[in-house]
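>>> this one's sequence-less:
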Ligand code: G1P
C-alpha cells in the first residue's frame, strides 16, 4: 500500500451545553473545566500535537469564547507576568500559532454527525482526526497518547480508524458499538457499527471512545445522513455506511480512559493525574489517606 496521506487537521466538537455539570458550566464551557490546572480541551489539543497534527478546528457554539481566548495570546497577562519576573512557562503551549486554529459554529444541537459536518469546508479533501474532549485519554507514564497510537497504526493500514475499549455489557447503550472482525495486536477490523443499541442487540461490548481518524468522504455521507438514535444526526451511522468501501479498523488504546462527561469520571481523572504528578503526588496521597481515616 502506498503511504496514506498524513493527518494534519483535527476537529474538536465543543458546542455541547454541558448540562451534567451545572451550575459550574452555566457561564464557562465544560471543556474548560480543569484537571488539576489544565483545562480538558488543553489535554486533547496536546494529544493532537503529540500525534503531529498542526491545525485545530473547533466546532463551537454560543458561550464558548473562553476556548478561543485560551488558545490565543493573553497579552496583558504575559506582559504583567514578565514585568513581575514571573515564570511564563506555566502557561505551557497554550498558544496556537497564527492560522493554526479555526472556529466554526454549530448553530443548532443536531448531533455529533452534524457538528463534524459543520467543519467540512475547513477540513477540505484530506483525512482528519476527531477528538471528543470529554473522553480524557491519558497516556501511561512514559507511553504515547491515544491519537499517536492511532496515527502509528494508520501509517500501516490507512483508511478509517476508531479508538475502542471494552465496557461492562450493561453500559453499551450509552455508546457507539463496533461489530468486531479479525484482530491483530491492538488492531481490530470493524465489520459494523451501531449507535446506542439496546443491550441485547449490541454486537459486542467494544465501544467507540472518542477518537477517530476519518477519510474526507465521510462529509459527503453526512450531508445526506438522516436522524438516528436520540433524533440526532449520528457520526456512527455515517461511518457505518463507509464500511466495505474503505478500510475500517479499531485501535485499543494502551493507556487509561476517563469519561469526563460524568462527574465520577471527572473526579477519578483529577485524582489520577494529581497522584501521578511529581510536584504533588506524595502530598495528595497523604491527603487522601487522611481523608479516608
Ligand atoms: C458520542 C458518540 C458515541 C461514542 C461516545 C464516546 O456519543 O456518538 O458513538 O461512543 O461519544 O463518548 P455521546 O457521548 O455524544 O452521546
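Yes, it's here. Being a predicted model, the structure only gives us computed values, none of them experimental.

>>> Look up phi and psi at the closest residue to the ligand within the stretch 101-250 of the chain.
Nearest residue of the stretch 101-250 of the chain to the ligand (C-beta to the nearest ligand atom) works out as residue 176 at 2.4 Å. For every residue, glycine as well, the C-beta is placed using N, CA and C. Main-chain torsions, residue 176, degrees, to the nearest 10: phi -80, psi 140.

>>> count of neighbours near it?
Residues near residue 176, counting by other C-beta atoms under 10 Å, number 25.

>>> For it, give me the pLDDT.
Per-residue pLDDT puts residue 176 at 97.

>>> Quickly note the distance from residue 25 to residue 213.
According to C-beta to C-beta, to the nearest Å, residue 25 and residue 213 sit 29 Å apart.

>>> what about these two, which has more around it?
Taking neighbours as other C-beta under 10 Å, residue 25 and residue 213 compare with residue 213 leading, 25 against 18.

>>> Just list whatever residues bridge to the more buried one.
residue 129, residue 161 (DSSP bridges).

>>> ok, it - contacts?
Residues near residue 213 by C-beta atoms under 8 Å, 6 or more residues apart in numbering: 7, 127, 128, 129, 130, 150, 151, 154, 160, 161.

>>> leaving aside the residues next to it on the chain, what's closest to residue 103?
residue 58 (5.0 Å; C-beta to C-beta, 6 or more residues apart in numbering).

>>> The one you found - how many residues pack around it?
25.

>>> Could you point out the helix or strand that follows the helix ranked longest in the chain?
Longest helix in the chain, counting residues (DSSP state H): helix 263-276. Remark: after helix 263-276, the chain's next helix or strand is helix 281-292, criterion DSSP states H and E.

>>> So which elements touch that next one?
helix 263-276 (3 or more C-beta pairs under 8 Å, 6 or more residues apart in numbering; DSSP states H and E).

>>> Quick one: mean pLDDT over the helix it packs on.
97.

>>> what angle separates it from helix 281-292?
The directions of helix 263-276 and helix 281-292 differ by 130 degrees, with axes from the mean of the first three to the mean of the last three C-alpha atoms, to 10 degrees as the criterion.
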